[in-house]
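1. everything below, folded, please.
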Amino acid sequence: MLWRLVLLMMLLSGATQALEVSAEFKQHQSLSYQYTYNQAENIQALLLSQPQWQAGQYHPLKPPADTHAWIRVTLHNPGSIEVPLLLSIDNNLLDKITAYIRHDEASFLTLALGDALPLLQRPIKHEAQLIPLELPAHSHSQVYLKISHHGTLNAPLSLWHPIEYLKYKSKFNLLYGILAGFILAMIAINVTLYSFTRRRYFLHGTVIIGLFWLLIVHLYGFSYRYLYGDNVWLQQYGQSLLVMLSTLALIPIQRSKALPNLLQAKHDRKLTQLLILGVIMTLLSQLLPLPVATFAAYGMALTLVLGYILCTMRSRYRRTTKMTAILIYTIMLVTLSYQFGFELGVFGGAQLDRPVTYVCYLILSLYLSFVLTRQFILEREKHIKAQQHKLARTQAEDALLKEKLKLQEQAQQELENSIDERTFELQVTLRELEEKNHELEKLNMEDPMTKVKNRRYFDKRLMMEVRRSRREQTTLSLIILDIDFFKKVNDNYGHLAGDHTICAFARLIEQHLKRPHDEVFRYGGEEFVILLPNTSQDGALELAEQIRLATEAHELKVAGHHIKFTTSAGVYSAIAQDTGNPTLFTDLADKGLYMAKQQGRNRICIYQPKQET
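-> This is a model prediction of the structure:
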């Protein structure tokens, strides 16, 4: 074919530019390459177009509209053994990369990666953009990269032996893990202080430092690997969303007067309005195209930080306080400008190897923790002084009130004695009534056919668990299960067989419940509900899947008939927020069941509220 002849000529012409890789090869950072801009959608079309290649290394690429950036790397293995390699594209945020790999005259191997694809579709499931290579002995190899990105394209390359890359990544993760650990420690400190003091600004500090941490792990690719590897939208829009939210999160702390601001207390409403407006603009910006949303987020964030600096300069705080705050805002301004510079193409090279962003956000986290702690100490001292003044006044009044209190205590004691007598009589009567009611309720809370708890008891138990979930902030999980095609069982084998099927299904569910507080209820007909307090979504999903598999494998013998049936289930897990609406859990789990039925039955579906947006 023509494109094979073109490729052979290009291999021969580029042989002098090939990087020699022997068995002793360890690493080659800042790898030189050749690039071109072309509209070709695949390697065959590119080779047939005979592009003009230019030398490059780490400077940003700016392909014209409707074209792709193509990068070519030529490697030569003069040795007699095969050499394994990893080609690293040191930019975790590139949208889409297609790699075409060819050794001598062999066919092309095509690999796809980039953050526009789920993590599981990458050739190597890693936060970095890695392309595995196996260079045969005495071979010339070429790697073509077609890169599509929403903005300026920064694609520094490095070549590693897998063992050397593992060593490098271990040191890299250790260093940055320590820095991230410091930030997490700041979050833990603020959460602890909030739990003891109930000061809302500690909660605000937790939120903003948490946003800093999320932004860092997003930029360095760890969120893509560990948090939301299957959420392509969040991976692409997460940067703009977190940049804007982390900047807006400073406003509640300013309202607490922990940070200097220009507005007086009576103008706090303006700060609230600014915060609400900023959040609305942030959410609306996510509906824009990705390049516009990214530039808008950085533009609004830089404008807000500049506004913070101007307000701080005009505030009436002490000079040292103002200068410290301005310095911190300047660090944040530098951090945002540095990140924005890579988006605009002002900076090039491997951003991840430069800990500027990490260090700046660590400094910001330390400073915020410091000023919030200082604010609490100042408030505490002011409160102590007020208490001392109030105590002095109270001691003067105590002497006058003692006699009056004695008379009141005597009258109160007599009244309490009378109330205690009546209360005791009432308690005895109520206890007898409760015993009768308990006996009656016990008869009414059991389903007579399946011997599991009925719908009425489920409604009460659900209300109790929703309140407990909200009070203890633990995850409550609910599973709704339904026998698939149950009507066919009744039609084919009779209603008596259908009743036996329902009872057998109830026994199967009960056999999989191990904890005392996990309970199954008959919800109606062939539907059952499992209530799982203090159970994560993964745990609920695992239990539902075990029940589904056991049901699928179970064979029921009734009146000489062998009945096999399956089940579908919907799962919903959350920390309860509204105790006035406990049916929210059953409604959303039922939507998951509906999804399972729609997708073909005999499956488990987890309902997430965001699926409706």
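2. from now on I want contacts and neighbour counts done on CA atoms only, so please keep to that.
-> Will do.
3. tell me which other helices or strands the helix or strand in which L481 is found touches.
-> Taking DSSP states H and E as the criterion, L481 maps to strand 475-483. Taking 3 or more CA pairs under 8 Å, 6 or more residues apart in numbering; DSSP states H and E as the contact definition, the neighbouring helices and strands of strand 475-483 are helix 455-472, strand 527-532, helix 537-553, strand 567-575, helix 583-598.
4. which among the ones you listed is found nearest to F25?
-> When the helices and strands packed on strand 475-483 are ranked by distance to F25, counting by CA to CA, first place goes to helix 537-553 at 43.6 Å.
5. based on its surroundings, how many neighbours for D578?
-> As a burial measure, D578 scores 11 neighbours (other CA atoms under 10 Å).
6. is it in a helix, a strand, or coil?
-> Here D578 is recorded as coil under DSSP: H, G, I helix; E, B strand; the rest coil.
7. show the pLDDT at it.
-> Confidence at D578, expressed as pLDDT, is 87.
8. cool, Q351 as well?
-> Note for Q351: predicted pLDDT of 60.
9. report the buried residues of the host helix or strand of G181.
-> Element membership for G181 (DSSP H and E) is helix 162-197. Buried residues in helix 162-197, counting neighbours by 16 or more other CA atoms under 10 Å, are found at 162, 164-165, 176, 179-180, 183-184, 186-187, 189-191, 193-194.
10. before we move on, the earlier item: quick one, the strand holding L481 and strand 527-532 angle?
-> Between the direction of strand 475-483 and that of strand 527-532, the angle (axes from the mean of the first three to the mean of the last three CA atoms, to 10 degrees) works out to 160 degrees.
11. which residues does strand 475-483 contact?
-> Counting by CA atoms under 8 Å, 6 or more residues apart in numbering, strand 475-483 makes contact with 465-466, 469, 526-537, 540, 544, 565-576, 585-586, 589-590, 593, all of which sit outside it.
12. center of this structure - which residue?
-> With the centre of the chain defined as its mean C-alpha position, the nearest residue by CA atoms, centre = their mean is L227, 5.0 Å away.
13. residues in contact with A596?
-> Taking CA under 8 Å, 6+ apart as the contact definition, A596 lies against 568-570, 602-605.
14. looks to me like A55 is in a strand.
-> Yes: inclusion of A55 in a strand is indicated when three-state DSSP is applied.
15. and the next helix or strand past the strand holding L481?
-> Past strand 475-483, further along toward the C-terminus, the next helix or strand under DSSP H and E is helix 486-493.
16. tell me which residues of that following helix are tucked away?
-> Buried residues in helix 486-493, counting neighbours by 16+ other CA under 10 Å, are found at 486, 489, 493.
17. ok, now stretch 385-399?
-> Neighbour counts over stretch 385-399 (16+ other CA under 10 Å) mark no residue as buried.
18. and stretch 597-612, by the same measure?
-> 597, 601-607.
19. in JSON lines: the helices and strands packed on strand 475-483, plus mean pLDDT and distance to S369.
-> Shown next, in JSON lines, are these (pLDDT from 0 to 100; distance: least, CA to CA, whole Å):
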{"stretch": "helix 455-472", "mean pLDDT": "92", "distance to S369": "26"}
{"stretch": "strand 527-532", "mean pLDDT": "95", "distance to S369": "37"}
{"stretch": "helix 537-553", "mean pLDDT": "93", "distance to S369": "33"}
{"stretch": "strand 567-575", "mean pLDDT": "94", "distance to S369": "28"}
{"stretch": "helix 583-598", "mean pLDDT": "93", "distance to S369": "37"}
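20. most widely separated two among the buried residues of stretch 597-612?
-> Every pair in the buried residues of stretch 597-612 was compared (CA to CA); the two farthest apart turn out to be N602 and Y607, at 16.1 Å.
21. D447 - how many residues pack around it?
-> Here the neighbour count serves as a burial measure; for D447 (other CA under 10 Å) it reads 18.
22. so it sits right up against R522, yeah?
-> Yes: counting by CA atoms under 8 Å, a contact exists between D447 and R522, whose distance comes to 7.0 Å.
23. related to what we said a few turns ago, and among the helices and strands packed on strand 475-483, the most buried is which?
-> Per residue and on average, the most neighbours among the helices and strands packed on strand 475-483 fall to strand 567-575, with a mean of 26 (mean count of other CA atoms under 10 Å).
24. now the angle between helix 486-493 and that strand, please.
-> Comparing the axes of strand 567-575 and helix 486-493 via the same axes, to 10 degrees yields an angle of 150 degrees.
25. related to what we said a few turns ago, between the helices and strands packed on strand 475-483, which one is closest to R431.
-> When the helices and strands packed on strand 475-483 are compared by CA to CA, helix 455-472 sits nearest R431, at 20.8 Å.
26. re the thing from before, now intersect the buried residues of stretch 597-612 with the helices, please.
-> K597 (DSSP state H).
27. closest one of the buried residues of stretch 597-612 to V558?
-> Minimum separation from V558 among the buried residues of stretch 597-612 (CA to CA) is found for N602, which lies at 22.2 Å.
28. what residues does the closest one make contact with?
-> For N602, the contact set (CA under 8 Å, 6+ apart) comprises 484, 548, 566-569, 596.
29. which of the residues you listed sits closest to T110?
-> Using CA to CA, A596 is the member of the contacts of N602 that lies nearest T110, at 35.1 Å.
30. distance check, that closest one against G570.
-> When distances are taken as CA to CA, to the nearest Å, A596 and G570 turn out to be 7 Å apart.
31. mutual contacts of the two, please.
-> Counting by CA under 8 Å, 6+ apart, the shared contacts of A596 and G570 are 604-605.
32. now the residue nearest to the centre of the chain. Its backbone dihedrals?
-> With angles defined as degrees, to the nearest 10, L227 sits at phi -110, psi -60.
33. just checking, what packs against the helix or strand harbouring E441?
-> When secondary structure is defined by DSSP H and E, E441 falls within helix 356-444. In this structure, helix 356-444 makes packing contacts with helix 162-197, helix 200-219, helix 319-344, judged by 3+ CA pairs under 8 Å, 6+ apart.
34. just put these in a markdown table and tack on mean pLDDT.
-> Written out in a markdown table, the entries for the helices and strands packed on helix 356-444 read as follows (pLDDT from 0 to 100):
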| stretch | mean pLDDT |
| --- | --- |
| helix 162-197 | 85 |
| helix 200-219 | 84 |
| helix 319-344 | 80 |
